[in-house]
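> what follows is a predicted structure for the sequence shown.
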Amino acid sequence: MTEPATDTQQEIAADGQIRVRRALISVSDKTGVADFARGLAALGVEILSTGGTATALREAGIEVTDVSEFTGQEEILGGRVKTLHPRLHAALLARRGDPEHMATLEREGIEPIDIVCVNLYPFEQTVASHEVAPEVAIENIDIGGPTMIRAAAKNHESVAVLVKPESYDAVCAELEESEGEVSASTRHWLANEAFAQTARYDAAISRWFSTEYEDFPEHLAISYEKVLDLSYGENPHQRAALYSETGVRSHILSRVSKLHGRALSFNNVLDLDSARSLVSDFEQPACVIVKHNNPCGVAVGEDALEAYLKALACDPMSAYGGVIAINRPIGRELAERLHENFVEVLSAPGYEDGALEVLQQKEAIRILCEEERRQQDPAERDVKRVMGGLLIQDRDGDPEPREIMEAVTKSEPSEQQWRDMCFAWTVCRRVRSNAIVIAKDGATLGIGAGQMSRVDSVRLAVEKCREARGGEADEVLARSALASDAFFPFADGPELAIEAGTTAVIQPGGSKRDAEVIEACEAAGVAMVFTKHRHFRH
């Protein structure tokens with residue numbers, strides 16, 4: 001006949017379940033904590049707590065033992081030291097299956113703690129505030145909390161650790177169903193969450209400290225959390241998920257609702273990012289159509305309908321199966337025109353009466369409503385993965401203002417040419433290099449993307465326009481503007497566009513042969529502007 005377990009001999013079943021007798025609860029975020037503690041108390045679990053958490057639980061009618069009573073040590077240093085005590089950490093770290101550990105607890109009169117429920121001071125929220133004082137940020141660095149979490153997670157063979165209010169209901173349900181036991185698989189999963197949480201917390205602190213000294217620190221700690229499992233990766237045999245960097249103001253799907261359609265794929269999210277980034281560059285009603293991470297039609301108009309029709313006219317063949325972002329709510333008439341084509345993803349800030357009913361007739365279209373109005377943090381870096389590491393750089397930033405640009409030909413651009421060039425330049429920044437955009441009247445006419453030769457990109461842009469416009473192409477291309485994301489190394493690129501009807505060219509300049517390129521434009525009576533900034537997008 002076996003002896004019943006004493007208070008210092010935690011019961012561990014053959015299947016790895018533990019009997020919960022004592023829980024430590026100390027939380028900054030008190031969401032749901034009273035209900036969780038009440039559920040534990042109903043199962044006969046003793047509740048230990050500290051400070052504000054203990055007060056909140058007592059106010060909710062829950063019997064609580066102060067940690068200071070458990071340790072025999074009052075809080076000191078204004079509360080900075082209250083849980084950093086050998087008795088408490090022995091109760092967390094003692095291996096229940098180790099006779100020497102358990103003998104030590106019994107000799108010291110220390111009762112094991114079986115559940116730790118801790119979340120941390122809101123450091124990330126604190127430093128996200130505008131111009132937070134350093135002393136305020138530092139006071140919000142939790143010390144005792146991470147120490148308890150890591151101790152409990154390390155000893156998860158005997159201790160369950162909860163760091164998120166979202167875990168409370170599931171653990172309570174398991175305790176009720178098992179009459180006070182927590183399974184090994186649950187403890188292991190909770191420990192995984194706990195270590196991820198402390199890693200994220202430390203990464204946030206490290207990031208905040210490092211920004212005080214350098215933009216590209218020697219050691220870069222970045223934490224990510226999963227936003228969404230995706231249907232598949234770049235190809236169907238690849239698994240994929242979307243993660244957001246913790247601590248950033250917003251991400252590609254923040255404040256975005258999916259109103260209809262299939263699950264998003266890896267490529268959908270990539271194209272959506274390109275489309276939304278470009279459409280956000282325009283204040284006027286604008287439409288961007290993206291295919292394979294390149295815009296294939298961009299336009300502004302008097303309203304969203306006009307912008308869409310002008311964007312679609314650029315390359316209707318490529319627009320088939322594209323991702324579309326529009327920066328105005330979609331009305332019924334526009335919805336009907338969109339319904340005529342195959343659209344993979346549609347993103348807009350709203351849908352007027354009747355529009356959704358029209359669009360939802362097709363099962364496949366993914367309809368997104370985006371309400372994110374927060375601006376991207378200007379300090380946020382651009383990150384690209386390479387073998388074994390990351391390439392990190394400053395973001396490309398906003399389009400250059402017209403005031404810093406320089407007209408380098410004798411032919412001064414007209415106001416209309418300036419508008420067309422600035423529009424083409426705005427679009428060109430979002431096109432894969434080598435990038436060429438031909439535009440007129442607030443709409444792209446032809447886009448050449450991703451070519452190894454810049455003159456080939458010009459040729460492709462002209463050909464795209466001719467394919468889409470047929471016999472009207474010459475008239476449409478007449479008096480058009482051309483933008484190039486980097487300088488022209490030879491005059492052949494501009495000459496090809498000039499032959500097609502272009503009368504204004506905008507480019508960064510900076511080639512050894514700038515004089516030849518300027519001369520070719522002068523000879524044709526074409527205006528040319530140097531932006532003095534390159535916008536490669538590899």
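Thanks, I have the structure now.
> could you measure from residue 253 over to residue 377?
17 Å (CB to CB, to the nearest Å). In this view, the C-beta of every residue, glycine as well, is placed from N, C-alpha and C.
> tell me where the stretch 401-538 of the chain has helices.
For the stretch 401-538 of the chain, the helices defined by DSSP state H, counting those that start in this stretch cover 415-428, 454-469, 473-477, 492-500, 514-523.
> possible to save those as CSV with distance to residue 146?
Shown next, in CSV, are the helices of the stretch 401-538 of the chain (distance: least, CB to CB, whole Å):
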stretch, distance to residue 146
helix 415-428, 46
helix 454-469, 53
helix 473-477, 63
helix 492-500, 58
helix 514-523, 58
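> for stretch 328-342, measure first residue to last.
For stretch 328-342, the separation between the terminal residues is 20 Å (CA to CA, to the nearest Å).
> what's that stretch in contact with?
285-286, 303-305, 307-309, 312, 316, 319-321, 324, 326, 346, 348-356, 358-359, 361-362, 364 (CB atoms under 8 Å, 6 or more residues apart in numbering).
> buried ones only from these, please, as a ChimeraX command.
Command for ChimeraX, covering only those of the contacts of stretch 328-342 found buried under the criterion 16 or more other CB atoms under 10 Å:
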select :285,286,304,305,307,308,309,312,316,319,324,326,346,348,349,351,355,356,358,359
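> pLDDT weak spots in the chain?
1-17 (pLDDT under 70).
> rewinding a little: redo the helices of the stretch 401-538 of the chain as JSON lines? Include mean neighbour count and distance to residue 404.
What follows is these, written out as JSON lines (neighbours: other CB atoms under 10 Å; distance: least, CB to CB, whole Å):
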{"stretch": "helix 415-428", "mean neighbour count": "23", "distance to residue 404": "12"}
{"stretch": "helix 454-469", "mean neighbour count": "22", "distance to residue 404": "23"}
{"stretch": "helix 473-477", "mean neighbour count": "18", "distance to residue 404": "28"}
{"stretch": "helix 492-500", "mean neighbour count": "21", "distance to residue 404": "22"}
{"stretch": "helix 514-523", "mean neighbour count": "18", "distance to residue 404": "17"}
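> would you map the strands across the stretch 151-300 of the chain?
With strands called from DSSP state E, counting those that start in this stretch, the stretch 151-300 of the chain shows them at 160-162, 181-182, 224-229, 241-245, 256-260, 286-291, 294-300.
> make a markdown table from the ones you listed and add distance to residue 203 to it.
Rendered in a markdown table, the data for the strands of the stretch 151-300 of the chain read as follows (distance: least, CB to CB, whole Å):
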| stretch | distance to residue 203 |
| --- | --- |
| strand 160-162 | 19 |
| strand 181-182 | 29 |
| strand 224-229 | 9 |
| strand 241-245 | 10 |
| strand 256-260 | 25 |
| strand 286-291 | 32 |
| strand 294-300 | 34 |
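> now residue 352: how far from residue 346?
For residue 352, the distance to residue 346 - CB to CB - is 14 Å.
> where is the longest helix in this protein?
Determined from DSSP state H, the single longest helix within the chain is helix 184-210.
> buried residues in that helix?
Counting neighbours by 16+ other CB under 10 Å, helix 184-210 gives 184, 186-187, 190-191, 193-195, 197-198, 200-201, 203-208, 210 as buried.
> name the helix or strand for residue 147, please.
helix 144-154 (DSSP states H and E).
> using PDB, list the CA coordinates for that helix.
Extracted C-alpha coordinates of helix 144-154, given in PDB (Å, rounded to 0.1, in the frame of the first residue of the first chain):
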ATOM      1  CA  GLY A 144      11.100  39.100 -11.200                       C
ATOM      2  CA  GLY A 145       8.500  38.100 -13.800                       C
ATOM      3  CA  PRO A 146      10.800  36.700 -16.500                       C
ATOM      4  CA  THR A 147      12.800  35.000 -13.800                       C
ATOM      5  CA  MET A 148       9.700  33.100 -12.500                       C
ATOM      6  CA  ILE A 149       8.500  32.400 -16.000                       C
ATOM      7  CA  ARG A 150      11.900  30.900 -17.100                       C
ATOM      8  CA  ALA A 151      12.200  28.900 -13.900                       C
ATOM      9  CA  ALA A 152       8.700  27.400 -14.300                       C
ATOM     10  CA  ALA A 153       9.200  26.700 -18.000                       C
ATOM     11  CA  LYS A 154      12.600  25.000 -17.300                       C
END
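> neighbouring contacts of that helix?
For helix 144-154, the surrounding residues in contact (CB under 8 Å, 6+ apart) are 24, 26, 28, 81-84, 88-89, 92-93, 113, 116, 118-121, 159-161, 163, 190-191, 194-195, 197-198, 201-202.
> for stretch 169-189, same thing?
Counting by CB under 8 Å, 6+ apart, 13, 15-20, 32, 36, 39-40, 43-45, 114-115, 156-157, 159-162, 190 sit against stretch 169-189.
> so residue 372 belongs to a strand, correct?
No. Counting by DSSP: H, G, I helix; E, B strand; the rest coil, one finds residue 372 to be coil, located in no strand.
> any idea how far it lies from residue 449?
Counting by CB to CB, the separation of residue 372 from residue 449 is 27 Å.
> name the residue in those two with the higher neighbour count.
Set residue 372 next to residue 449 and count neighbours by other CB atoms under 10 Å: residue 449 wins out with 25 against 17.
> just to revisit the earlier point, narrow the contacts of stretch 169-189 to just the buried residues.
In the contacts of stretch 169-189, burial by neighbour count holds for 16-20, 32, 36, 39-40, 45, 114-115, 156, 159-162, 190, counting by 16+ other CB under 10 Å.
> how many residues are close by residue 220?
14.
> over to residue 79?
So residue 79, with other CB under 10 Å, has 11 neighbours.
> distance of the closest residue to it other than its chain neighbours from residue 258?
Leaving aside its chain neighbours, residue 79 sits nearest to residue 51 (6.3 Å; criterion: CB to CB, 6 or more residues apart in numbering). Distance, residue 51 to residue 258, by CB to CB: 42 Å.
> ditto for residue 62
Taking CB to CB, one finds residue 62 at 40 Å from residue 258.
> the more surrounded of the two?
Using other CB under 10 Å, the more surrounded residue of residue 62 and residue 258 is residue 62, with 21 against 15.
> thought the more buried one was touching residue 34?
Yes. Because the distance of 6.8 Å satisfies CB atoms under 8 Å, residue 62 is recorded as touching residue 34.
> leaving out sequence neighbours, find the closest residue to residue 246.
Residue 246's closest residue in space is residue 223 (CB to CB, 6+ apart), at 4.5 Å.
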